[in-house]
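Enquirer: The following comprises the amino acid sequence and a computationally predicted model.
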Amino acid sequence: SLQNLASIQAGVLTREQILGHGVSQATIDRLIGTQLWSRLSQGVYLAHALTPDWLSLAWAGTLTAGPGSAVGGRAALHLAGVLNDEELPISIVQPAMSHWHQGSGWWQFSRTKVPFRTVGDLPRLRVERAVIDLCAREPHESVNWVTLAINSRRASPRSLREALAELPRHPARRQLAEILADVGQGAESPLELVYLRDVERAHGMKPGRRQVQSGGFRCDIYYEEGLGVELDGRRGHEGV
């Protein structure tokens with residue numbers, strides 16, 4: 001039913017969906033005119049009188065952009081449980097040949113020639129592709145995006161390398177390849193990457209063992225001489 005569809009889509013419906021369920025355009029106009037529904041974009045409606053929440057806006061963005069579109073960027077990472085913040089505007093990614101849509105305070109539309117896969121009932125980019133895209137737009141934040149995704153267990157160095165391989169013209173390709181190589185050695189945060197590069201390598205030190213479990217605690221870096229290095233706060237120091 002139309003009610004079930006609205007429930008699945010966070011209250012958002014398209015004109016085609018509504019007409020397809022036997023509701024006339026005159027009824028739609030009356031619902032909008034009496035403010036029982038609201039219009040979010042051309043042909044996309046919110047089937048209640050409440051202020052649209054973030055999830056409703058995410059649905060409305062993909063439905064506005066049309067078939068093949070997906071939530072991307074930070075919004076995709078939020079839907080995957082990597083980020084907590086519900087930020088606006090919501091990034092909407094479209095296939096290259098799709099109709100161009102002007103952005104707004106709610107949505108930021110972009111088109112790409114590189115095919116992408118989506119997941120979820122609300123189509124979103126896979127975590128790996130969202131991270132690689134964010135690194136292209138914000139190369140100075142690449143370390144943060146990569147370590148955030150890996151620490152969330154929603155991506156791995158290998159899956160990120162595979163996603164990068166699909167984008168041969170990525171503007172931060174060399175930088176990302178180096179970051180992923182270092183993360184593959186066990187560095188799990190921006191600070192741990194800085195330590196690996198600017199302390200161990202810069203001073204010719206023998207690499208320590210990373211993420212060592214001992215007695216129920218984990219140490220960022222452990223050296224055979226008995227020295228433990230903790231770079232990310234108190235974790236690993238309790239019980240010492």
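Expert: Received it, and whenever you're ready, just let me know what you need.

Enquirer: where exactly do the strands run in the protein?
Expert: For the chain, the strands defined by DSSP state E occupy 12-14, 38-41, 44-46, 70-71, 90-95, 107-112, 118-119, 124-125, 209-214, 217-222, 228-229.

Enquirer: So which of these is nearest residue 170?
Expert: strand 107-112 (11.8 Å; CB to CB). C-beta coordinates here come from the backbone N, C-alpha and C atoms, glycine included.

Enquirer: quick one: contacts for the residue positioned nearest the centre of the chain?
Expert: Note on the chain: the residue nearest the mean C-alpha position is residue 77, at 2.3 Å, using CA atoms, centre = their mean. Residues near residue 77 by CB atoms under 8 Å, 6 or more residues apart in numbering: 83, 127, 130, 131, 134, 148, 149.

Enquirer: Let's see if you can find the most crowded of these.
Expert: Within the contacts of residue 77, most neighbours by other CB atoms under 10 Å means residue 130, with 32 neighbours.

Enquirer: Run a quick neighbour tally on the nearest residue to that one once chain neighbours are set aside.
Expert: Leaving aside its chain neighbours, residue 130 sits nearest to residue 76 (4.0 Å; criterion: CB to CB, 6 or more residues apart in numbering). Residues lying near residue 76 (other CB under 10 Å) number 31.

Enquirer: contacting residues for residue 76?
Expert: By CB under 8 Å, 6+ apart, residue 76 lies in contact with 70, 91, 124, 125, 126, 127, 130.

Enquirer: measure it to residue 120 for me?
Expert: Computed as CB to CB, to the nearest Å, the residue 76 to residue 120 distance reads 9 Å.

Enquirer: same check, this time on residue 87
Expert: Between residue 87 and residue 120 the computed distance is 18 Å (CB to CB).

Enquirer: Check residue 75 too.
Expert: From residue 75 across to residue 120, the span is 12 Å (CB to CB).

Enquirer: Show me what the closest residue to residue 102 other than its chain neighbours bridges to in the sheet.
Expert: In this structure, residue 102 finds its nearest non-sequential neighbour in residue 109, 7.5 Å apart by CB to CB, 6+ apart. Beta-bridge partners recorded for residue 109 (DSSP bridges): residue 92.

Enquirer: Give me the neighbour count for residue 109.
Expert: Residue 109: 22 surrounding residues under other CB under 10 Å.

Enquirer: check contacts around it.
Expert: By CB under 8 Å, 6+ apart, the neighbours of residue 109 are 61, 65, 92, 94, 100, 101, 102, 103.

Enquirer: now do 6 Å
Expert: Each residue near residue 109 by CB atoms under 6 Å, 6 or more residues apart in numbering is listed here: 92, 101, 103.

Enquirer: Just name the closest of the contacts of residue 77 to residue 22, please.
Expert: Nearest to residue 22 out of those is residue 130 (CB to CB; 37.9 Å).

Enquirer: Residue 102 and residue 86: what is the separation?
Expert: Taken as CB to CB, the span from residue 102 to residue 86 is 22 Å.

Enquirer: From the neighbour counts alone, determine which of these two ranks first.
Expert: More neighbours surround residue 86 than the other of residue 102 and residue 86, with 15 against 7 (other CB under 10 Å).

Enquirer: Do you know the pLDDT at the more buried one?
Expert: With respect to pLDDT, residue 86 scores 95.
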